[in-house]
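In: Turn this into a structure:
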Amino acid sequence: MRIFRRSSAITAETPLDGGGIHANEGSLSGMTMPKLTSSIERAVRIFAARRAAGRPVLELQLVLQLCPSGSGYVKWKQECERLMRRSSPNYGTGGWSPQLPEGAAGVLLAPYPAGRVGPAVSGARLVASPIFGEIRIAREGEAELGAAALLRDWLHNAGPELALVLAPPVLEHIRGARVLGREPFGLGLDWPLPPADGL
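Out: Next up, the predicted model:
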């Protein structure tokens, strides 16, 4: 006999999952896009409950940048250092690998004010802590899986006091310090804010 339990309701006091899935460990073993998407959706629902309860609101556009190993990684890392230091002396690339091994990629999640992406954020400052992950890409689709894992980590490690209100994330493919492609990375979820301008 199977017993079906009703899932507990999401409230402003529902805890986020904290760590659990760590893109920084490099391996994506055991991760699937449905699992990650479900965990991301849970975080978005918790933030909505916090907002309804009157917690302080922070409207964000999350931009994920994906850069493969190679000489372009070093240029990208230098550009990221410049952009982060402009936002805060506490942000930087000091903990990043000087060079990535072949078959790896770096992923940066940069939280900007909601509303714009692309050239429109070139002068914008980060409004929350960025996060970096290094992933090994063994097969097709793992780059996006790594980006989703980093997004999940960042959301579930947000502090308990804020109600994040999010636009659909954006994924940028980087070669050197240049953006070669930019696409919505909404994972089929309903996000509270509309997609950013500039896509």
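In: where's residue 76, which helix or strand?
Out: When secondary structure is defined by DSSP states H and E, residue 76 falls within helix 71-87.
In: I should have written residue 60 there, sorry.
Out: Residue 60 is located in strand 57-68, with elements delineated by DSSP H and E.
In: mind showing which ranges of the protein have poor pLDDT?
Out: Within the chain, the ranges that satisfy pLDDT under 70 run 1-8, 18-29, 118-122, 198-199.
In: Mind jotting down where the strands sit in it?
Out: Counting by DSSP state E, the chain forms strands over residues 57-68, 104-113, 131-136, 163-166, 170-175, 178-184, given from the N-terminal end onward.
In: quick one on the thing from earlier: tell me the angle the helix holding residue 76 makes with strand 57-68.
Out: Interaxial angle, helix 71-87 versus strand 57-68 (axes from the mean of the first three to the mean of the last three Cα atoms, to 10 degrees): 160 degrees.
In: Only the buried residues of helix 71-87, if you could.
Out: Residues of helix 71-87 classed as buried by neighbour count (16 or more other Cβ atoms under 10 Å): 72-73, 75-77, 79-80, 83-84, 87. (Each C-beta comes from the backbone N, C-alpha and C, glycine too.)
In: and that helix, C-alpha only, in PDB?
Out: Coordinates of each C-alpha in helix 71-87 appear next as PDB, following Å, rounded to 0.1, in the frame of the first residue of the first chain:
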ATOM      1  CA  SER A  71      43.600  31.300 -23.300                       C
ATOM      2  CA  GLY A  72      40.300  33.200 -23.400                       C
ATOM      3  CA  TYR A  73      39.600  32.200 -19.800                       C
ATOM      4  CA  VAL A  74      42.500  34.300 -18.600                       C
ATOM      5  CA  LYS A  75      41.200  37.400 -20.400                       C
ATOM      6  CA  TRP A  76      37.700  36.800 -19.100                       C
ATOM      7  CA  LYS A  77      39.000  36.300 -15.500                       C
ATOM      8  CA  GLN A  78      40.800  39.700 -15.800                       C
ATOM      9  CA  GLU A  79      37.600  41.400 -17.000                       C
ATOM     10  CA  CYS A  80      35.600  39.800 -14.200                       C
ATOM     11  CA  GLU A  81      38.100  41.100 -11.700                       C
ATOM     12  CA  ARG A  82      37.800  44.600 -13.000                       C
ATOM     13  CA  LEU A  83      34.000  44.500 -13.000                       C
ATOM     14  CA  MET A  84      33.800  43.000  -9.500                       C
ATOM     15  CA  ARG A  85      36.200  45.500  -7.900                       C
ATOM     16  CA  ARG A  86      34.200  48.300  -9.400                       C
ATOM     17  CA  SER A  87      31.200  47.000  -7.500                       C
END
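In: Just want the angle from it to strand 104-113.
Out: With the same axes, to 10 degrees applied, the angle from helix 71-87 to strand 104-113 works out at 30 degrees.
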